[in-house]
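Participant: build the 3D model from these lines:
(one chain, ligands or ions: 2)
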Amino acid sequence: MSLCRAYNKASVIARGAYGQVRGPLPMLGHQRCVMKMFNETNSPEGDPIREYNRHQAAYEKMSKKCKRHMTRPVYVNGKITVQTHAASRSTERVDTLQRFTDKFHSNTNVMNALGKEVTSALDCVLALGESGLSHGNLHGGNILVVYTSPDKPKIKIIDWGGGGASNNKTMAAFVQKRIRAKRKNKSRSR
Ligand SMILES: Nc1ncnc2c1ncn2[C@@H]1O[C@H](COP(=O)(O)OP(=O)(O)O)[C@@H](O)[C@H]1O
Ligand SMILES: [Mg+2]
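Facilitator: Ligands and ions are numbered 1, 2, ... in the order given. Predicted coordinates for the structure are as follows:
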């Protein structure tokens, strides 16, 4: 089946800034993949080949122990990139970090486990940044949380098409700010 036909048949996972993400579907030897279709745009961040190349470079450069925080780039053709799905099994759920913290901010065990995982993933991204490849668009929508049980979250960093200045500090501040704001709202509503 052609890439476009497979894309048209797959379910929509998300509509993002530069197009749509669809899947999961088995492709090119991987059981679970997603396809990202890019809208026509002149901005470099909207270029699928650039995103695929940056994703591939990041995946290759990541140390062995950090690869667990990555999805695997698989293929690019025309306006479509293919990468492995963040969840390796259909029994796993996937949320953005944003959605996950909204759901579980009041659960201390979950937040502690999440903190450790986020730290581990950010250490990996920082190490990569030090070796010259910054993510460039790190925020709560580009960090996925994969879990069957929320107290055992796994973090995957996606969307490597950015390329501006590294903003890892912004990410750490984002998590802190979000947890603080939720706690404040909760104590106000008591
Ligand atoms: N590999 C993946 N596995 C599961 N979901 C994904 C994957 N890649 C993207 N998504 C979903 O699609 C959304 C948009 O993807 P993203 O690559 O961030 O696109 P955009 O450039 O539009 O922000 C993500 O927030 C996530 O919900
Ligand atoms: Mg994104």
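Participant: retrieve the pLDDT associated with residue 1.
Facilitator: Looking at residue 1, its pLDDT stands at 66.
Participant: which stretches in this protein count as strands?
Facilitator: 12-15, 19-27, 30-38, 73-77, 80-84, 93-96, 143-147, 154-157 (DSSP state E).
Participant: quick one: pLDDT of the nearest residue to residue 76 once chain neighbours are set aside?
Facilitator: In space, and not counting its chain neighbours, residue 76 is closest to residue 52: 3.8 Å by Cβ to Cβ, 6 or more residues apart in numbering. All C-beta spots, glycine's among them, are computed from the backbone N, C-alpha and C. We have a pLDDT of 97 for residue 52.
Participant: ok, residue 52 touching residue 79?
Facilitator: No: Residue 52 is not in contact with residue 79 according to Cβ atoms under 8 Å; the separation is 11.4 Å.
Participant: more neighbours: these two, which one.
Facilitator: Neighbours per residue (other Cβ atoms under 10 Å) separate residue 52 from residue 79, with residue 52 holding more: 22 against 19.
Participant: how near is that one to residue 123?
Facilitator: Going from residue 52 to residue 123 by Cβ to Cβ, to the nearest Å gives 25 Å.
Participant: what of residue 76?
Facilitator: Look at residue 76 and residue 123: by Cβ to Cβ, they are 28 Å apart.
Participant: give me the more crowded residue out of the two.
Facilitator: Higher neighbour count among residue 76 and residue 123: residue 76, with 21 against 13, using other Cβ under 10 Å.
Participant: tell me what the more buried one is bridged to.
Facilitator: residue 81 (DSSP bridges).
Participant: ok, it to residue 55 distance?
Facilitator: Distance from residue 76 to residue 55, by Cβ to Cβ: 9 Å.
Participant: near ligand 1, which residues of the protein are found?
Facilitator: 13-14, 16-18, 21, 34, 36, 71, 83, 85-86, 94, 96, 141-142, 144, 158-159 (Cβ under 6 Å from any ligand atom).
Participant: okay, the spatially most central residue of the chain: pLDDT?
Facilitator: Nearest to the geometric centre of the chain sits residue 158, at 3.0 Å (Cα atoms, centre = their mean). At residue 158, the pLDDT value in this model is 97.
Participant: can you tell me which residues contact residue 18?
Facilitator: Applying Cβ atoms under 8 Å, 6 or more residues apart in numbering, we find residue 18 in contact with 36, 38-39, 41, 45-46, 161.
Participant: restricted to buried residues, select the residues you listed in ChimeraX.
Facilitator: Buried subset of those, written as a ChimeraX selection, criterion 16 or more other Cβ atoms under 10 Å:
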select :36,38,45,46,161
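Participant: would you confirm that residue 19 contacts residue 38?
Facilitator: Yes: Residue 19 lies in contact with residue 38 (Cβ under 8 Å); the separation is 4.5 Å.
Participant: what do the two both touch?
Facilitator: With Cβ under 8 Å, 6+ apart, residue 19 and residue 38 have common neighbours 46, 79.
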